[in-house]
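Asks: need a structure here:
(2 chains)
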Amino acid sequence: MTQSRFRWKTARDWLWPFALGLAAAGVWLWWRGAHEHSAVLGVAFLTAVLAAFAGNRAWQQHLIEAETPAVPDPLPEVAREMFERLPDPVLLLDESRRAVFANAAMRAVVGADYSRKPLSVLLREPSIQQAVETVSPGEIPATIEFATPVPIERHFQAYVSRSALAPLTIVLLHDLTAIKRTEQMRADFVANASHELRTPLAAVSGFIDTLRGHARDDEQAREQFLGIMSVEAQRMRRLIEDLLSLTRIELNEHVPPSAKVDLEPVVRSAAAALAPLAQSENVTLEISVEQDLPSVVGDSDELTQLFQNLIHNAIKYGRSGGHVRVSLAAKDGMVSVAVRDEGEGIPREAIPRLTERFYRVDVKRSREKGGTGLGLAIVKHIVNRHNGRLQIESEAGVGSTFTVILPAFSKAGAAVTEVL
Amino acid sequence: MTEHTVRAFGEKLEALTTSVAQVGGLAEAQLADALEAISRRDTAKAEAVIASDRRIDQLQYQIEDQALKLLALRQPMAVDLRETLAALKMASELERIGDLAKNIAKRAIVLNREQPIRLTQSLARMGRQVLAQLKQVLDAYARRDAASAQAVWKQDGEIDEIYNSLFRELLTYMMEDPRTIGLCTHLLFVAKNIERAGDHCTNVAETVYHMVSGDHLAPDRPKADVTSETSVPYGHQ
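Replies: Below you'll find the model as predicted:
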């Protein structure tokens, strides 16, 4: 590239001496009397002069590439540094819609090699192009929303504004993915909850029709059907109760509890409430408590529900004739309650999803056991509100352990809570 | 882009690339919107897709003019020539993808008038796959990445696989319940359009590969579309 430019320049530089040479030769030939030869040289001379003139003419200058002009840095160092620190992607474009600056967050989107590239190469989204083309200097900025469906669905809001002081356009992206996903989850939740309620409702209304119809006088069938209807009605009631308590807990989730609660009586009362179930499932409940167990900060009603859900699950999914062991221990200012069953265990890939609403490892089995699919979701929300942690460990064929770790009650902590 | 002695030439070539990237962005958005118009039953969006197809057409004409001028006035050589030709070819391929999106949008309007039917999961999956291909190949064009273009070219087999199973699924639906024939036929065409869009992506991938490397990809692309030989016997459930 440089070489050809060099040659082109050299040729141009030699045109003037060449023309002078031609002129001298022409004059000499004229003097010698060779008029025809001298005329030919005269024409050549004129051509060379014209070419030399044309070579120097200003309009051709832009065709010859000069050194790439250094792009004047439109941003002071401080502004550059501050933009760099923004969590949202920022892109600055010049008049010809080429990138002059991208902060770190934007470089993660468009790549490190962005400088002087046109916008349409960096961000192909047509609505951004259009906004950048139409927004006028100093006027109201344009706000657009767009989504990138692949490879992972993401939603962005783009904010496009043009400076009134400098020929610069700023494109700011704001990630809306989390918000959109929450909306989607809400919609899914309504759909799931309705679906969960519809199944038992369909059974109940089906049996009502049958009892009104051909089973009207069948004593034995009536007893059997009423039994099933009662089970289904209870299932609906449980589901609605769970939904309501989930809503209640969620409503309070950002308000930390402040009462001092002793966990031992809470766990014992939860276990006592489930003793009949344990007996009918032929499961032995064992509770072991470490000595001098500190109290925790909590809401005793919610904690009771939490341990009831965990122990209930352990009895339901444990081995018939086996043990459910609940052990309370303290460590590093935390109190842990582990509920261990001897069931068949939970597949590894299912563990991260266990606390999702209506997620079931085995749909059929959960239905048989009368689960609502909300138990562990409630547990997770209660643990969150108590600023605690839930650990789930499981080994196939050996059993599963659900451990709740809650912060112990301390005078200092209580004082802070009161001040706040 | 490499530097050119004549700066105006470099600028014209870059303007051409920019226009192609714009058409690419439009085609991407049109296809995504058309698929969303189907999955969300959004008639307004479908109408917007149909209306903005003209922008792609206009841009395509613009690219043709730009490329012709470049060829006539500058006589580009080697990679510049390939780039100019690639712009011409890509513009027409991408314009076709835009047309297919428009057709999908038209069918979406018809489908939205009918009872909502549970859209087969495979249709959404196929759409996503084609969108991913299109994005990858346009990224490859922007970055001049021959390896990435070749990867897209190889992946088309997956789309064909989904199309085959979708084809069978829809045939079976129609046999089970003749009332769904109208809807399923539209869905079948939608699936065909998506599959065609995938084929155009493959062509774009070939063009990008040729533009960057100067070589052609092997003529026998992995193909797996067997629907032209598929039949489902009546009574098959």
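Asks: so who does B:H200 touch?
Replies: B:E93, B:L94, B:R96, B:I97, B:L100 (C-beta atoms under 8 Å, 6 or more residues apart in numbering or on different chains). The way it works is simple: take the backbone N, C-alpha and C, and place the C-beta from them, glycine included.
Asks: before we move on, which element is the residue most central in space within chain B in?
Replies: Nearest to the geometric centre of chain B sits B:A197, at 3.3 Å (C-alpha atoms, centre = their mean). Take DSSP states H and E as the rule and B:A197 turns out to sit in helix B:181-213.
Asks: list the buried ones in that helix?
Replies: Applying a neighbour-count criterion of 16 or more other C-beta atoms under 10 Å in any protein chain shown, one finds B:183-184, B:186-188, B:190-213 buried in helix B:181-213.
Asks: Kindly report the same for stretch A:84-97.
Replies: Within stretch A:84-97, the residues scored as buried using 16+ other C-beta under 10 Å are A:P89, A:V90, A:L91, A:L92, A:L93, A:D94.
Asks: can you give me the strands in the stretch 1-150 of chain A?
Replies: Assigned by DSSP state E, counting those that start in this stretch, the stretch 1-150 of chain A shows strands spanning A:90-93, A:99-102, A:142-148.
Asks: Quick one: list the elements packing against the first one.
Replies: Identification of packing neighbours for strand A:90-93 by 3 or more C-beta pairs under 8 Å, 6 or more residues apart in numbering or on different chains; DSSP states H and E yields strand A:99-102, helix A:104-110, helix A:119-122, strand A:169-175.
Asks: Strand partners (parallel or antiparallel) of it?
Replies: According to DSSP bridges, strand A:90-93 forms sheet pairs with strand A:99-102 (antiparallel), strand A:169-175 (antiparallel).
Asks: Now mean pLDDT and mean neighbour count too, for the ones you listed, in CSV please.
Replies: Supplementary listing: those in CSV, determined by pLDDT from 0 to 100; neighbours: other C-beta atoms under 10 Å in any protein chain shown:
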stretch, mean pLDDT, mean neighbour count
strand A:99-102, 90, 21
strand A:169-175, 90, 20
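Asks: mind checking how far the helix holding B:A197 is from the chain centre?
Replies: 5 Å (C-alpha atoms, centre = their mean, to the nearest Å).
Asks: again with stretch A:394-413
Replies: 28 Å.
Asks: Can you show me the helices along chain B?
Replies: Counting by DSSP state H, chain B has helices at residues B:7-39, B:43-74, B:78-113, B:121-143, B:146-176, B:181-213.
Asks: In JSON lines: those helices, plus mean pLDDT.
Replies: JSON lines is the format used below for these (pLDDT from 0 to 100):
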{"stretch": "helix B:7-39", "mean pLDDT": "89"}
{"stretch": "helix B:43-74", "mean pLDDT": "91"}
{"stretch": "helix B:78-113", "mean pLDDT": "92"}
{"stretch": "helix B:121-143", "mean pLDDT": "87"}
{"stretch": "helix B:146-176", "mean pLDDT": "85"}
{"stretch": "helix B:181-213", "mean pLDDT": "92"}
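Asks: Contacts only, for the closest residue to chain A within chain B.
Replies: Closest residue of chain B to chain A, C-beta to the nearest C-beta: B:G25 (3.1 Å). Applying C-beta under 8 Å, 6+ apart to B:G25 gives the contacts A:S120, A:R124, A:E125, A:P126, A:Q129, B:L138.
Asks: residues contacting the first one?
Replies: In this case it means A:S120. A:R97, A:Q129, B:T18, B:S19, B:A21, B:Q22, B:G25.
Asks: how does it look with 10 Å?
Replies: A:S120 is in contact with A:97, A:126, A:128-129, A:132, B:17-26, B:142, counting by C-beta atoms under 10 Å, 6 or more residues apart in numbering or on different chains.
Asks: Tell me the spacing between it and B:V208.
Replies: Going from A:S120 to B:V208 by C-beta to C-beta, to the nearest Å gives 16 Å.
Asks: Also the last one?
Replies: With distances taken as C-beta to C-beta, B:L138 is found 9 Å from B:V208.
Asks: Need the overlap of contacts for those two.
Replies: Taking C-beta under 10 Å, 6+ apart as the criterion, B:L138 and B:V208 both touch B:M90, B:V152.
Asks: Just list whatever residues bridge to A:V324.
Replies: A:L285.
Asks: That one touches A:R340, doesn't it?
Replies: Yes. Counting by C-beta atoms under 10 Å, A:V324 touches A:R340, with 7.1 Å between them.
Asks: Now do the shared contacts for the two.
Replies: A:E286, A:A314, A:G318, A:G399.
Asks: Surely the second one is in a strand?
Replies: I take that to be A:A314. No. Per DSSP: H, G, I helix; E, B strand; the rest coil, A:A314 lies outside any strand segment and is helix.
Asks: so how many other residues sit close to it?
Replies: Neighbour count of A:A314, defined by other C-beta atoms under 10 Å in any protein chain shown: 27.
Asks: For the spatially most central residue of chain A, list the residues it contacts.
Replies: The residue lying closest to the centre of chain A (C-alpha atoms, centre = their mean) is A:A178, at 5.2 Å. Neighbouring residues of A:A178 by C-beta under 10 Å, 6+ apart: A:R154, A:H155.
Asks: Return the distance of it relative to chain B.
Replies: Distance, A:A178 to chain B, by C-beta to the nearest C-beta, to the nearest Å: 20 Å.
Asks: State the pLDDT value of that residue.
Replies: Among the per-residue scores, A:A178 shows a pLDDT of 83.
Asks: Which strand or helix spans it?
Replies: Under the criterion of DSSP H and E, A:A178 resides in helix A:177-212.
Asks: Beyond that helix, next helix or strand please.
Replies: Next element after helix A:177-212 (DSSP H and E): helix A:219-252.
Asks: The helix or strand following that following helix: partners in the sheet, and parallel or antiparallel?
Replies: As assigned by DSSP H and E, the chain's next helix or strand after helix A:219-252 is strand A:260-261. Paired with strand A:260-261 in the same sheet, following DSSP bridges, are strand A:296-297 (antiparallel).
Asks: pLDDT on the partner strand, on average?
Replies: 91.
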